[in-house]
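[1] Pasting the sequence and the predicted coordinates here, then a few questions.
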Amino acid sequence: MTTRNAHTLHTLLAAALTLVLAGPAMAQNDNSGNADSGSGGDGASQITEAQLQKFADAYGAVRAVRAQYAQKMRKDMLAAIKDSDLGLKEYRQISQQLKGNKELQKRLRTIAQQRAQQGQSGSQGGSGQQQ
C-alpha cells in the first residue's frame, strides 16, 4: 500500500469513527437552550408537534448524509484494498483470522507502527519509501 493510500485509509477510518461516536454526543450536548433535554420522565410530553416535525426533518437529512458518506467510504475502502494489490476475498480472510489470533494481531500492530513511523519520517523530509 502506498503512503498516500495508507493516509487516505487512516483518514477515512478516523472520519467514520468520529461520525459514529460524535453523533450521539452532539445530540446530547446541543440542548438549544431547552431546559428539559434529558431522557426519561415527563420530557416526551413537553415536546411539541412542531418540534417533533423539525426533528423528523433533521433526522432524515442526517440519515441521508450518513448514507452518502458510508457509500463513499465503502467505495474508497475497496479502492484502498485494490490499490494494496490484495483481493477483497483475501482481505476478508485475513481480517477474519485477525479476530481470534493474538499473534497475528501483534504482527499487524508491529507492521502498522513501522509504517506510521515511516510516514512521520517521510513527512519530515525522509524518503517515506515502503519496504
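    Cool, the structure landed.
[2] tell me what the helix or strand hosting residue 89 is packed against?
    Per DSSP states H and E, residue 89 falls inside helix 88-100. Counting contacts by 3 or more CB pairs under 8 Å, 6 or more residues apart in numbering; DSSP states H and E, helix 88-100 packs against helix 49-83, helix 102-123. Using the backbone N, CA and C atoms, a C-beta is placed for each residue, glycine as well.
[3] So what touches it?
    For helix 88-100, the surrounding residues in contact (CB atoms under 8 Å, 6 or more residues apart in numbering) are 78, 81, 82, 104, 105, 108.
[4] Just the C-alphas of that helix, formatted as CSV.
    Coordinates of each C-alpha in helix 88-100 appear next as CSV, following Å, rounded to 0.1, in the frame of the first residue of the first chain:
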residue,chain,number,x,y,z
LEU,A,88,-11.2,-8.5,-1.4
LYS,A,89,-11.6,-12.2,-0.6
GLU,A,90,-8.0,-12.4,0.6
TYR,A,91,-8.5,-9.2,2.7
ARG,A,92,-11.6,-10.6,4.3
GLN,A,93,-9.9,-13.9,5.1
ILE,A,94,-7.0,-12.1,6.8
SER,A,95,-9.5,-9.8,8.6
GLN,A,96,-11.4,-12.9,9.9
GLN,A,97,-8.2,-14.6,11.1
LEU,A,98,-7.1,-11.4,12.9
LYS,A,99,-10.2,-11.5,15.1
GLY,A,100,-9.1,-14.6,17.1
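[5] Measure how it sits relative to helix 102-123, angle-wise.
    110 degrees (axes from the mean of the first three to the mean of the last three CA atoms, to 10 degrees).
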